[in-house]
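1. Here is my input, please return the structure:
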Amino acid sequence: MPPPLHPPPLNVQTPGFAHYSLAWSPFHNSRLALASSANYGLVGNGRLHIVSLLPGSVNGLNIDKQFDTQDGLFDVAWSEIHENQLAVASGDGSIKLFDVMINVREGDLPIRIWHEHTREAFSVDWSNIRKDQFMSCSWEGSIKIWTPELQRSVTTIPAHQACVYQALYSPHLPDIVASCSADGTLRIFDIRAPVSAQSLTNPVALPALTVPGSATELLTLDWNKYQQFYIATGGVDKVIRVWDCRMIRLGADANSSGPGGGQIGGACEAYLAGHEYAVRKVNWSPHRADVLASASYDMTCRIWTTKQGVPSSLLYIHDAHSEFVSGCAWSLYDEGILGTCAWDCRLNVFRPEF
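-> Numbering: from 1, shown residues only. I've put the predicted structure just below:
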């Protein structure tokens, strides 16, 4: 097992609100946002926390502001065009846009609310190329494209016949998005293609590359920041797979076990096994093409390398949480700094040594 972290991580707790997701600001290297829910997201309110990194303080982190919502929050994404705005995905199916400069005494109200999803909205992602656009996905099976200036969504993609757990823009190609679902598939869409009038029960409205990535639910995905055709996925089967989209030839067995498992015509470039329970989040490093972090229901965050020829693909284990680790995210500015959040209501920020 990799050596323990020294010194201990910076941390802050939010009693009564279990964490689902965290995001680093693309404008400020010391600002984070946390999406959280009361009662572990099963019932009750949600809360958005704005957190500052203050290494000189007692715990190293400070909660600057919080916004309460009527339903649990499952994800958060900072705006790429306005440094003080961010979008959240809510359990009631709504997408809310907040401005952190609005005084809490003015009512904590979002500056805009969209409510087109008919089931839980589980993921939001802001395009880092087409910066006036973001998207959300829902348990109803759809992906929706939004712009803050419009009252309605720009596009609806009937993506899957099952829950869509995450959908992300490609960081390299502005019109390409990927999604993962409870149906075990990874799908890649070109949002420029016309959308059919077919209903969500027939999700073939757009040209899509479909990868049967797992025999069980896929809970998370992430695009590699340096290799534009590489995507990592993780889910209930406890395995992280890295796919080369150029190599996908459908028809092979996607669910075979062992180091060569998960291959579809040779598309599976890496097979990372070691988590004891489901993988809830994967996040590629924005500073190194071969490094990614994963958060799991086994209460750990692990760091991996996909570099060939190394003694072990597992570089580090962070086991400072006492409940499901639901999120992990690398700092966009400070190389090697990682944040993790969990159902123990605790946010950790640390620099793993590997």
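2. Tell me where the stretch 151-300 of the chain is predicted with low confidence.
-> 194-207, 249-266 (pLDDT under 70).
3. All the helices of it, residue numbers only.
-> Applying DSSP state H, counting those that start in this stretch to the stretch 151-300 of the chain gives no helices.
4. Can you show me the strands along it?
-> Counting by DSSP state E, counting those that start in this stretch, one finds strands in the stretch 151-300 of the chain at the ranges 155-158, 164-169, 176-181, 185-190, 208-212, 218-223, 230-235, 239-244, 268-273, 279-284, 291-296.
5. Just put the ones you listed in a markdown table and tack on distance to residue 121.
-> C-beta here means a position set from N, CA and C on the backbone, and glycine is covered the same way. Listed next are the strands of the stretch 151-300 of the chain as a markdown table, based on distance: least, Cβ to Cβ, whole Å:
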| stretch | distance to residue 121 |
| --- | --- |
| strand 155-158 | 13 |
| strand 164-169 | 10 |
| strand 176-181 | 13 |
| strand 185-190 | 18 |
| strand 208-212 | 21 |
| strand 218-223 | 16 |
| strand 230-235 | 19 |
| strand 239-244 | 25 |
| strand 268-273 | 29 |
| strand 279-284 | 17 |
| strand 291-296 | 20 |
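6. Nearest to residue 119, out of these?
-> strand 164-169 (9.9 Å; Cβ to Cβ).
7. what's the angle from the closest one to strand 230-235?
-> 160 degrees (axes from the mean of the first three to the mean of the last three Cα atoms, to 10 degrees).
8. so residue 353, which of the three states?
-> coil (DSSP: H, G, I helix; E, B strand; the rest coil).
9. what's the neighbour count on it?
-> Applying other Cβ atoms under 10 Å, we find 12 residues neighbouring residue 353.
10. now residue 95
-> Here the number of neighbours of residue 95 (other Cβ under 10 Å) works out to 26.
11. Run through the bridge partners of it.
-> residue 89, residue 114 (DSSP bridges).
12. now for the strands of the stretch 151-300 of the chain, which one comes closest to residue 315?
-> Going by Cβ to Cβ, the one of the strands of the stretch 151-300 of the chain nearest residue 315 is strand 291-296, 7.3 Å.
13. Parallel or antiparallel, list what pairs with that closest one.
-> strand 279-284 (antiparallel), strand 301-305 (antiparallel).
14. Contacts only, for residue 281.
-> 21, 219, 220, 234, 294, 295, 325, 326, 327, 328 (Cβ atoms under 8 Å, 6 or more residues apart in numbering).
15. Return the distance of the third one relative to residue 186.
-> Going from residue 220 to residue 186 by Cβ to Cβ, to the nearest Å gives 10 Å.
16. Among the two, which residue is more densely surrounded?
-> residue 186 (27 against 24).
17. so the more buried one makes contact with residue 213?
-> Yes. Using Cβ atoms under 8 Å, residue 186 is in contact with residue 213, at 4.5 Å.
18. shared neighbours, the two?
-> 180, 233, 243.
19. hey, what's the last one bridged with?
-> Listed by DSSP bridges, the beta-bridge partners for residue 243 are residue 231, residue 268.
20. So that it lines up with my notes, have the first residue be 58 from now on.
-> Right, with 58 as the first residue, what we last looked at is residue 300.
21. which ones are touching residue 372?
-> Taking Cβ under 8 Å, 6+ apart, one finds 59, 348, 360, 361, 362, 409, 411 in contact with residue 372.
22. So among these, which ones count as buried?
-> 348, 360, 361, 362, 409 (16 or more other Cβ atoms under 10 Å).
23. Rounded mean pLDDT for stretch 122-136, please.
-> Here stretch 122-136 scores 96 as its mean pLDDT.
24. burial count for the residue lying closest to residue 173 once chain neighbours are set aside?
-> Distance criterion Cβ to Cβ, 6 or more residues apart in numbering; nearest residue to residue 173, sequence neighbours excluded, is residue 210 at 5.6 Å. By the criterion of other Cβ under 10 Å, residue 210 has 19 neighbours.
25. Might one say that residue 373 is in contact with residue 397?
-> No. Look at residue 373 against residue 397 with Cβ under 8 Å: they stay out of range, at 11.7 Å.
26. the more surrounded of those two?
-> residue 397 (26 against 22).
27. which residues touch that one?
-> Contacts of residue 397 (Cβ under 8 Å, 6+ apart): 79, 352, 358, 375, 377, 378, 382, 384, 385, 404, 405, 407.
28. Looking at the strands of the stretch 208-357 of the chain, spot the one closest to residue 126.
-> strand 221-226 (20.2 Å).
29. Mind listing the strands the closest one pairs with, and their directions?
-> strand 233-238 (antiparallel).
30. relative orientation of the strand it pairs with and strand 265-269 in degrees?
-> Counting by the same axes, to 10 degrees, strand 233-238 lies at 40 degrees to strand 265-269.
31. now strand 233-238 against strand 296-301, angle please.
-> Using the same axes, to 10 degrees: strand 233-238 against strand 296-301 is 150 degrees.
32. Run through who's touching strand 233-238.
-> 192, 194, 198, 200, 214, 216-217, 219-227, 243-248, 270, 274-278, 280, 288, 290, 292.
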